[in-house]
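K.L.:
this is the structure alone, sequence omitted:
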Ligand code: F6R
């Protein structure tokens, strides 16, 4: 999604804005722009394409030179990616950058047109710029407050007024925005990595707060124009978190960070060999009383929920429904105050997941958020909260966040099972012990990258492929398939292996790759029957299964071997080859692995 940055200080503002925007590239974007105060007036440079295109344009024309300004990377929603639709957008005396959606922009635009205003772009953003300009009476704060009362939607804004040189205004209405504080300089940004090079100290703006940054420092106001004292937070990420650290891509770095991420996430939540989530507000007593559990999330986070469903139902015997957040919120769900609704989100800002959580709360359910981004909206609004400690995930394709999400689902499942009296303490200790061993297994699997590269090389010419599996392996297939399609652009689907012959098997043609995940011992023979069915129809089968499993070559063409560990814990390690296969396929195809086309990291619009 769009990224906002802003700067006031003594450095070359253009350099700072471009550098900060480069740290937000992971969010996905299709155009970029900046507005800088130069000799008392606002100079705008913007361009469709990547930051490099903007830099090239500025080199050809003129690079804005000044010490204060705002910048933006745009992910198109209203109007195609183009120079004219790129931000910043300006009225006569006001220039803005914007993240999010203005829901009532059409009505506002009609009003402004009736007042003789002319529009250059198709964006909802320009409506805000023109509206600010329309109401501007020489007092920026009053004007911003007036306009905020008229806008509907969730958004964040960076604003500069031509009359107020070297002052940057920032507004948060739902969409996240932080204000970084350095010595003699300040920043605004959509996310922490943008400012880490300059400062770790920041204020997290809350809904309906306005920040004013100038050479005297930072002031924050509410909509009643009352100045607010806020707690200065310190980011616990270091600079390395926002750098590739010698890896070719953030995605590869994040795949390799998984063993550490799992340890950091689970270790503080285990005491005396048993899960202990008390610091997250979760006690055995609380967990005892739920009738139903809903897991609501999007994309990869939803797939983590699928793994959670299998293990919670298997161990705790409580019914679990997994919902796509955008479906849940509009399907009038049968949630009651006797239910637990678990929201899983890396960013903690996904619009559909946030709305689904609010709906669940309105229906009286207890909400539990599993979130990676500290201080995010979902984290702040949930009744109970388990932070995953993966550190910042920069690559658009989620890997380490998924891994820590499922590690938390395991802890939760163990605790639910123990609370429900379905497993003994001894059994719980055994299971927790298995989970604690997984980082080592993951590290070992990461050594087998050549095997993944070999498989990837056989996939790059495919037009389409299938991932199949049963039970937990089906849940994993979903994630494997999503990972591959989002970064390699090869069409792929995941199917419950037993479902193939009810239609999908007709797609199998000579040489079509099928990736069969077969880690569940009790289901192995069943899955093998399904593999034989596709093999007999010409499929080229890659099997992800235990190394110890020997098979005839009439079953699979290639095996990615896994260690012999308990079935229930397999998803924690079996996802690794699926991630590596997707990664290397994308690399071999020459794609932009970290920033796949059309995708955004944090999806803050519906
Ligand atoms: C895929 C991916 C997405 C996200 C989804 C939810 O690799 O990253 O499918 O999982 O957009 O995002 P969060 O977890 O931030 O709510």
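P.N.:
Received the coordinates, thanks. Because the structure is predicted, anything quoted here is derived from the model rather than measured.
K.L.:
close to the ligand: what parts of the chain are there?
P.N.:
298-301, 345-347, 350, 353, 397-398, 482, 486, 602-603 (C-beta under 6 Å from any ligand atom). For every residue, glycine as well, the C-beta is placed using N, CA and C.
K.L.:
mind telling me which residue of the stretch 501-606 of the chain is nearest the ligand?
P.N.:
In the stretch 501-606 of the chain, the residue that lies nearest the ligand is residue 603 (4.9 Å; C-beta to the nearest ligand atom).
K.L.:
surely that residue touches residue 351?
P.N.:
Yes. Shown here, residue 603 and residue 351 form a contact pair, counting by C-beta atoms under 8 Å, at 6.4 Å.
K.L.:
coming back round to it: neighbours of the residue of the stretch 501-606 of the chain closest to the ligand, just the number please.
P.N.:
22 (other C-beta atoms under 10 Å).
K.L.:
and for residue 210?
P.N.:
Counted with other C-beta under 10 Å, residue 210 comes out at 24.
K.L.:
which stretches of the stretch 251-400 of the chain form strands?
P.N.:
Taking DSSP state E, counting those that start in this stretch, the strands of the stretch 251-400 of the chain run over residues 270-271, 274-275, 292-297, 320-324, 339-345, 366-371, 384-387.
K.L.:
in JSON lines, list these along with mean neighbour count.
P.N.:
Converted to JSON lines, these look like this (neighbours: other C-beta atoms under 10 Å):
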{"stretch": "strand 270-271", "mean neighbour count": "14"}
{"stretch": "strand 274-275", "mean neighbour count": "22"}
{"stretch": "strand 292-297", "mean neighbour count": "26"}
{"stretch": "strand 320-324", "mean neighbour count": "19"}
{"stretch": "strand 339-345", "mean neighbour count": "29"}
{"stretch": "strand 366-371", "mean neighbour count": "27"}
{"stretch": "strand 384-387", "mean neighbour count": "21"}
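K.L.:
okay if I get those as a markdown table plus mean pLDDT?
P.N.:
Shown next, in a markdown table, are the strands of the stretch 251-400 of the chain (pLDDT from 0 to 100):
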| stretch | mean pLDDT |
| --- | --- |
| strand 270-271 | 96 |
| strand 274-275 | 97 |
| strand 292-297 | 98 |
| strand 320-324 | 98 |
| strand 339-345 | 98 |
| strand 366-371 | 97 |
| strand 384-387 | 96 |
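K.L.:
tell me the helices in the stretch 1-150 of the chain, going along the chain?
P.N.:
13-23, 51-60, 105-114, 124-135, 140-150 (DSSP state H, counting those that start in this stretch).
K.L.:
against which helices or strands is the second one packed?
P.N.:
Translated: helix 51-60. Applying 3 or more C-beta pairs under 8 Å, 6 or more residues apart in numbering; DSSP states H and E, one finds that helix 51-60 makes contact with helix 13-23, strand 31-38, strand 41-48.
K.L.:
single out the most deeply packed of those.
P.N.:
Mean neighbour count (mean count of other C-beta atoms under 10 Å) peaks for strand 31-38 among the helices and strands packed on helix 51-60, with a mean of 27.
K.L.:
pull up the pairing partners for that one, direction included.
P.N.:
strand 41-48 (antiparallel), strand 68-74 (antiparallel) (DSSP bridges).
K.L.:
a markdown table for those strands, including distance to residue 26?
P.N.:
Formatted as a markdown table, those follow (distance: least, C-beta to C-beta, whole Å):
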| stretch | distance to residue 26 |
| --- | --- |
| strand 41-48 | 19 |
| strand 68-74 | 10 |
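K.L.:
looking at these, spot the one closest to residue 99.
P.N.:
Closest approach to residue 99 among these is made by strand 68-74 (7.9 Å; C-beta to C-beta).
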